[in-house]
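J.: model this:
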Amino acid sequence: MKKVDIYTDGSCKCNPGPGGWGAVLVYGAVEKEICGGAPDTTNNRMELTAVIEALSLLKEPCEVTLTSDSKYVVDGITKGWAVGWKARGWKKADKSPALNPELWDKLLELCEKHKVEFVWVKGHAGHPYNERCDAMAQTEAEKYR
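T.: Below is the predicted model of the structure:
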């Protein structure tokens, strides 16, 4: 399997409000940046979208190290929350509805295709790729203001 490093970030102005996301995919010496946004969204939707869009670009199953500053995304996968929500019909343990089920469902599907290790990094702490993704996300969100 090819080894790919992916870095992602999402942003939202006023949450909910205009949002953006950015991702950098690194395969050997090759780096690819992708980004996008939405006029009315949330930061968590943008965080999930960044991860989904990046993983969706991979044309074959890969071994991925995915680095994000989103505890929502990282914990949602590594702590099994999303799997549990799906098993309960997109309900949380307290029976309240899980948010963003269509995005979590797509992410779970992609995690079955690829071998993904999720790594959390503190945001706005000088991590070069995280800062780069944040800048892309901010730029995209500004387009909708």
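J.: what sits against Ser56?
T.: Going by Cβ atoms under 8 Å, 6 or more residues apart in numbering, Ser56 touches Leu110. Yep, even glycine has a C-beta here, placed from its N, CA and C like the rest.
J.: could you do Ala87 as well?
T.: Neighbouring residues of Ala87 by Cβ under 8 Å, 6+ apart: there are none.
J.: and it, how far is that from Gly80?
T.: Distance of Ala87 to Gly80, given as Cβ to Cβ, to the nearest Å: 10 Å.
J.: and if you look at Leu57?
T.: In terms of Cβ to Cβ, Leu57 sits 26 Å off from Gly80.
J.: how about Ala125?
T.: Distance from Ala125 to Gly80, by Cβ to Cβ: 27 Å.
J.: distance of the residue positioned nearest the centre of the chain relative to Val116?
T.: Centroid check for the chain by Cα atoms, centre = their mean gives Val51 as the closest residue, at 3.0 Å. The gap separating Val51 from Val116 is 9 Å, by Cβ to Cβ.
J.: what is in contact with these two at once?
T.: Shared contacts of Val51 and Val116, counting by Cβ under 8 Å, 6+ apart, come down to Leu66.
J.: in the host helix or strand of Cys35, what counts as buried?
T.: If you go by DSSP states H and E, Cys35 is part of strand 30-41. Residues Ile34, Cys35, Gly36, Gly37, Ala38, Thr41 are the ones in strand 30-41 that count as buried (16 or more other Cβ atoms under 10 Å).
J.: what pLDDT does the model give the second one?
T.: It refers to Cys35. pLDDT, Cys35: 98.
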